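[1] Structure of the sequence below:
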Amino acid sequence: MEQSPTEPQPKGRSQYIGLAGEHYVAYSLLVRRFHASVVGGNVPNIDVLVSSGDGYNQISLQVKTSRSAYRPKLWGYEVYQWDVGRSAIGRHSPNHWYAFVDLQEKNASAWTPTVYLVPSFWVNAWVSHCPDSPRQMYPLKAAASDLCKGRWDYLPKLFARDPTVMRLTEAVPKEAAWE
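    You can find the predicted model right below:
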């Protein structure tokens, strides 16, 4: 039975939103011929393990999903924003990335979710500036979204230790930085 948008949502809806994002990311990886496994809460701070086609290289993804991530004006910028939680503080590695999923529920014409692949270094750089915040949110500037939006091509380059992609894991580019 389908609920109408005006009916109250069942408790635990955020759990379903999060699972939808994790499975969408796994699907997106599998159709691109990466090995992907949703770990189902069995590994702290990791939602999807990704391996190269030959199985020799791996990375971990923390998936964060928003029903509608777009914020037209946040601190004077156009951004996309996700709740990353306090566990993001101090956690970064070249082999640990975030897959930020925007379900775009407010945009009926764009039903397909959008995935932004962001190095954990960027997220840590942001949340480390406000460690006492009661809620750790990561804002990705719209001006930097092209660096991350649908960038599945980063993965084979990351596995090959391509210098261009490796630089993304060590520094926040100017267009994504917050002064």
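[2] ok, and what's touching the lengthiest helix in the chain?
    Identified as the longest helix of the chain according to DSSP state H is helix 13-30. By Cβ atoms under 8 Å, 6 or more residues apart in numbering, the residues outside helix 13-30 that reach it are 35-38, 47-48, 50, 61, 63-67, 99, 101, 103, 113, 115, 152, 155. (C-beta placed from N, C-alpha, C; glycine too.)
[3] What is whatever helix or strand comes next after that helix packed up against?
    The helix or strand immediately downstream of helix 13-30 is strand 35-38, counting by DSSP states H and E. Packing partners of strand 35-38 (3 or more Cβ pairs under 8 Å, 6 or more residues apart in numbering; DSSP states H and E): helix 13-30, strand 48-51.
[4] Which strands border strand 35-38, and is each parallel or antiparallel?
    strand 48-51 (antiparallel) (DSSP bridges).
[5] Could you double-check that residue 32 sits in contact with residue 152?
    Yes - using Cβ atoms under 8 Å, residue 32 is in contact with residue 152, at 5.4 Å.
[6] thinking again about what came up before, tell me which of the helices and strands packed on strand 35-38 sits nearest to residue 71.
    The closest approach between residue 71 and any of the helices and strands packed on strand 35-38, judged by Cβ to Cβ, belongs to helix 13-30 at 17.3 Å.
[7] any idea how far that closest one is from the chain center?
    11 Å (Cα atoms, centre = their mean, to the nearest Å).
[8] Check which residues of it are buried.
    Across helix 13-30, burial judged by 16 or more other Cβ atoms under 10 Å covers 17-22, 24-26, 28-29.
[9] The nearest residue to residue 178 once chain neighbours are set aside: what's it in contact with?
    Counting by Cβ to Cβ, 6 or more residues apart in numbering, the nearest residue to residue 178 once its immediate chain neighbours are dropped is residue 126, at 6.4 Å. If you count contacts by Cβ under 8 Å, 6+ apart, residue 126 has them with 138-139, 178.
[10] Let me have those in TSV, adding neighbour count and distance to residue 71 as columns.
    Output for the contacts of residue 126, formatted as TSV (neighbours: other Cβ atoms under 10 Å; distance: Cβ to Cβ, whole Å):
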residue	neighbour count	distance to residue 71
138	23	12
139	18	7
178	13	14
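[11] can those residues go into a markdown table with extra columns for distance to residue 163?
    Below are the contacts of residue 126 laid out as a markdown table (distance: Cβ to Cβ, whole Å):
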| residue | distance to residue 163 |
| --- | --- |
| 138 | 25 |
| 139 | 28 |
| 178 | 25 |
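[12] If anything else comes up later, I'll come back, but that's it for now.
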